[in-house]
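Visitor: Kindly return the folded structure for what I paste below:
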Amino acid sequence: GGGGGGGGGGAEERGLCLWGRSDGVVSSVCQSVVSADLGRDQCAAFIRHVLLPKCEALERPASRVLVGAVTHAAKQRPHLVGAHLLAPLLSRPVDKVNSAHCERATRLIK
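Guide: Just a heads-up that it's a prediction; the model follows:
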């Protein structure tokens, strides 16, 4: 599908390109990008525009590679993962939540 409106800039546009990539590519980028050195806003944008769409798109349990990427982000920036990944996953309408989403949320909470 086509992208949407503009306005955002850098991280959002890159995120739209990344979330459709393989879990391996997303994990590699996550490992090198999500750190204490990256600014809070940039980290939040990566989580919101890359990891969240990957998790929302799950129809079966996440791959070990994606689990590793999300776990890395949660260890590096737990508050941001809670606010920009966990909360949105748990706030979805009931008919949009499947067992893969529940499993991902449960692992993050643990």
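Visitor: for stretch 76-96, the distance to its chain's centre please.
Guide: 9 Å (CA atoms, centre = their mean, to the nearest Å).
Visitor: again, but for stretch 39-57
Guide: So, by CA atoms, centre = their mean, the centroid of stretch 39-57 is 4 Å from its chain's centroid.
Visitor: now do stretch 34-45
Guide: On CA atoms, centre = their mean, the centre of stretch 34-45 falls 13 Å from the chain's centre.
Visitor: Return the alpha-carbon coordinates of that stretch using CSV.
Guide: Taking C-alpha atoms only, stretch 34-45 is exported to CSV below (Å, rounded to 0.1, in the frame of the first residue of the first chain):
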residue,chain,number,x,y,z
VAL,A,34,17.9,1.5,20.6
SER,A,35,20.3,2.5,23.3
ALA,A,36,20.7,5.0,26.1
ASP,A,37,22.7,7.1,23.6
LEU,A,38,19.8,7.6,21.3
GLY,A,39,17.5,10.5,22.2
ARG,A,40,14.2,9.7,23.9
ASP,A,41,12.1,11.1,21.0
GLN,A,42,14.0,9.1,18.4
CYS,A,43,13.8,5.9,20.4
ALA,A,44,10.1,6.4,20.9
ALA,A,45,9.6,7.0,17.2
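Visitor: Perfect, that will be all.
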